[in-house]
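# Got a predicted structure plus its sequence, pasted below:
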Amino acid sequence: MRRESRGQALVEFALVLPVLILVLTVVFDLARVVSISSTLDSAVREGTRYAIVRGEMSTSPVGPGTATYTAPDRDSAVEAVVRDAAVATPSDLAVRVTWPDGNNRRNSRVIVTATASYTPILSAAILGGGLRVPLSASSRLPIQN
């Protein structure tokens, strides 16, 4: 191999490296968004499941009329279950629990919604975190107990 060819390969590598790093960073960010979104989905399902088995007839009920519920639409017990299940999610996780039928009786509905925002790596590095991707998940089931 001639000396000029090695120099040419080095220049080509230097030109391609930033593009390669950018592509890898974008792929990593997309994987993280999918992972966090999936975790939020699972967490709200856990919270909804917790709420539907702890209706009015449960030994430890949640929902309207219970000690853990404060109007409007907050139940600290269900929120705690969602936060425990939402591992590795952004710290600005917001959980909302609603009972559209206004009670926690059998066959009434409960809706659990969680929202968070994700800051991509490039946004944090270049824009100081100016770009944030909103993520949300919601689950609605009838109360079983």
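Ah, there it is. Residues are numbered from 1 along each chain as shown.
# list the buried ones in the lowest-mean-pLDDT helix or strand in the chain?
Lowest by mean pLDDT, DSSP states H and E among the helices and strands of the chain is helix 121-126, with a mean of 83. Neighbour-count burial for helix 121-126 flags Ser123 (criterion: 16 or more other CB atoms under 10 Å). Yep, even glycine has a C-beta here, placed from its N, CA and C like the rest.
# Next secondary structure element downstream of it?
Next in sequence after helix 121-126, counting helices and strands by DSSP states H and E, comes strand 133-142.
# Quick check: chain neighbours aside, which residue is closest to the spatially most central residue of the chain?
Taking CA atoms, centre = their mean, the centroid of the chain lies closest to Leu40, which sits 3.4 Å from it. When the adjacent residues along the chain are set aside, Leu40 lies closest to Ala137, with 3.9 Å between them (CB to CB, 6 or more residues apart in numbering).
# Run through the bridge partners of that neighbour.
Ala114 (DSSP bridges).
# mind checking how far it is from Arg109?
Applying CB to CB, to the nearest Å, the value for Ala137 to Arg109 is 17 Å.
# coming back round to it: how far out from the middle of the chain is the least confident helix or strand of the chain?
Remark: helix 121-126 is offset 20 Å from the chain centroid, using CA atoms, centre = their mean, to the nearest Å.
# How about stretch 49-59?
Going by CA atoms, centre = their mean, where stretch 49-59 is centred and where its chain is centred differ by 24 Å.
# returning to what we had before: pick out whichever of Ala137 and Arg109 has more residues nearby.
Ala137 (22 against 15; other CB atoms under 10 Å).
# pretty sure that one contacts Ser37?
Yes. Counting by CB atoms under 8 Å, Ser37 is a contact partner of Ala137 at 7.0 Å.
# in the chain, which spans are strands?
69-70, 74-75, 94-98, 109-118, 133-142 (DSSP state E).
# pLDDT on the third one, on average?
Think strand 94-98. Throughout strand 94-98, pLDDT has a mean value of 94.
# Next, count neighbours for the closest residue to Asp101 other than its chain neighbours.
Ranked by CB to CB, 6+ apart and with sequence neighbours excluded, the top spatial neighbour of Asp101 is Ser108, at 3.9 Å. Neighbour count for Ser108, taken as other CB under 10 Å: 18.
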